[in-house]
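Trainee: Return atomic coordinates for the entry below.
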Amino acid sequence: MNLSLPFFNPADGRLRAGWRLLAQQLVLVFALLVLEDFLTTPLKPSLSQNGLWILEAVVGCIAFGVSVWLAGRWFDKRPFADFGFHLSRRWWSQLGFGMALGAGFIAVIFLTEWTLGYVHIVQFGVTVEPGASLAWALTALFIHYIGIAFTEEILTRGYVLRNLLEGFKLPKQNWSGALAVLVSSVIFALPHAGNPNATPLGIAILVLFGIFCAVAVVLTHELAIPLGFHLTWNFFQGNVFGFPVSGWELRGGTLLFIEQSGPAWLTGDAFGPEAGVVGLAAILLGILILFLTFNPTHNFSLEH
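Mentor: Numbering: from 1, shown residues only. Okay, here's the model as predicted:
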């Protein structure tokens, strides 16, 4: 018996999917983040908080992007583009579609709560850092959320989801695909349980957020929609309409500074709309829109 078979798939000349995931997560991501911390620590004392948001976004994108690129070359034997970056006019239009959905849903959530009397606008244009302009604060946080969207999406939907789709072997392929979508979404949501003001409902809705993003990848074979949706969902939530973002209170600055009231189960309270029925309804509507806009394939996979 060849003892390498549990680790190596001779049919395609690669490590098996589980070992690829382990190597990418524990070796490449960890090593690159340690290197990133070593290189950037000397710069941090000289930067403002807004400057730190930008630095963290840039180095995070580099570290996670390089980790997936190297894993693709060494472990997966596939080009970087196959992780959701077949850049084309179609890809960019999907990015814009995702951004429109994210911004639009948060705007509808705001208008719904405002109409119900659960949102009161206290002030227009607020910055956290003394002396910083609102434009600079919003620019820094927009870049920050680009970093959040890129790192979380390339990791969970770009690399983890693809490998889970290949690794799970249930009796029916669609079952395997559904399990891969669910597991990758749980992997995405669980780290948020350590955020301030986290609730079980909020984490459950973040699992659903992950399912929306994963379904978008399966239907389009690209990361464009999740990247755009994730970016504007966060930015408009926290820095346009002034809601908490996954438990984090105002950071940088916001166009609208608000006070909230109303039942926590509906609004999400201190965790933000992601922990309320308003967020749940928006994400369910988003999943419906995906299936109505893009033709579902017969096999729930990333095969073209």
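Trainee: which regions of the stretch 201-304 of the chain lie under the pLDDT threshold?
Mentor: Of all residues in the stretch 201-304 of the chain, those with pLDDT under 70 make up the ranges 296-304.
Trainee: typed the wrong thing, it's the stretch 1-150 of the chain
Mentor: Along the stretch 1-150 of the chain, segments meeting pLDDT under 70 span 1-19, 22-23, 26-29.
Trainee: how about the helices of it, start to end?
Mentor: 17-22, 30-40, 49-71, 89-115, 134-153 (DSSP state H, counting those that start in this stretch).
Trainee: For the residue lying closest to G247 once chain neighbours are set aside, what are phi and psi?
Mentor: Once flanking residues are discounted, G247 sits nearest to N195: 3.7 Å by C-beta to C-beta, 6 or more residues apart in numbering. Heads up, the C-betas are built off the backbone N, CA and C, glycines and all. Note on N195: its backbone torsions stand at phi -70, psi 160 [degrees, to the nearest 10].
Trainee: since we're on the closest residue to K44 other than its chain neighbours, how many residues are nearby?
Mentor: If the residues on either side of it in the chain are set aside, K44 comes closest to L52, at 6.3 Å by C-beta to C-beta, 6+ apart. When neighbours are counted by other C-beta atoms under 10 Å, L52 registers 15.
Trainee: all strands for the stretch 151-300 of the chain, in order.
Mentor: For the stretch 151-300 of the chain, the strands identified by DSSP state E, counting those that start in this stretch occupy 253-260, in order along the chain.
Trainee: now the residue nearest to K44: how far from L165?
Mentor: Here the distance between L52 and L165 works out to 36 Å (C-beta to C-beta, to the nearest Å).
Trainee: cool, and G117?
Mentor: For G117, the distance to L165 equals 45 Å [C-beta to C-beta].
Trainee: same thing with R89?
Mentor: To L165, R89 is 26 Å away according to C-beta to C-beta.
Trainee: Give me the more crowded residue out of these two.
Mentor: L165 (23 against 7).
Trainee: didn't the more buried one look like it was pressed against L179?
Mentor: No - taking C-beta atoms under 8 Å as the contact criterion, L165 and L179 are not neighbours in contact, 9.2 Å apart.
Trainee: Can you verify my assumption that W248 contacts N239?
Mentor: No - using C-beta under 8 Å, W248 is not in contact with N239, being 11.3 Å away.
Trainee: neighbour-wise, which of the two wins?
Mentor: Shown here are W248 and N239; by other C-beta under 10 Å, N239 has more neighbours (25 against 15).
Trainee: show me the residues around the more buried one that make contact.
Mentor: If a contact means C-beta atoms under 8 Å, 6 or more residues apart in numbering, then N239 has 137-138, 141-142, 251-255 as its contacts.
Trainee: out of those, which are buried?
Mentor: For these, a neighbour count by 16 or more other C-beta atoms under 10 Å gives the buried set as 137-138, 141-142, 251-254.
Trainee: List the contacts of the closest residue to E259 other than its chain neighbours.
Mentor: When the adjacent residues along the chain are set aside, E259 lies closest to H120, with 4.7 Å between them (C-beta to C-beta, 6+ apart). Contact partners of H120, counting by C-beta under 8 Å, 6+ apart, are 258-261.
Trainee: repeat for G210
Mentor: Residues near G210 by C-beta under 8 Å, 6+ apart: 156-157, 184-189.
Trainee: burial measure for T293, as a count.
Mentor: If you count neighbours by other C-beta under 10 Å, T293 ends up with 14.
Trainee: What is the burial count for the nearest residue to L47 once chain neighbours are set aside?
Mentor: Closest residue to L47 in three dimensions, ignoring its sequence neighbours and counting by C-beta to C-beta, 6+ apart: L55, at 6.3 Å. The number of residues packed near L55 is 19, by other C-beta under 10 Å.
Trainee: ditto for V186
Mentor: Other residues near V186 number 15, with proximity taken as other C-beta under 10 Å.
Trainee: That one and A132: what is the separation?
Mentor: Counting by C-beta to C-beta, the gap from V186 to A132 is 37 Å.
Trainee: Could you do L201 as well?
Mentor: Taken as C-beta to C-beta, the spacing of L201 relative to A132 amounts to 34 Å.
Trainee: likewise G158?
Mentor: Using C-beta to C-beta, one obtains 33 Å as the distance from G158 to A132.
Trainee: Could you check which of these two has the larger neighbour count?
Mentor: For G158 versus A132, neighbours defined as other C-beta under 10 Å are more numerous around G158 (26 against 18).
Trainee: Distance check, the more buried one against C213.
Mentor: Distance of G158 to C213, computed by C-beta to C-beta: 10 Å.
Trainee: circling back to that earlier point, going by distance to F124, which of the buried ones among the contacts of N239 wins?
Mentor: Using C-beta to C-beta, T254 is the member of the buried ones among the contacts of N239 that lies nearest F124, at 9.3 Å.
Trainee: Much appreciated, bye for now.
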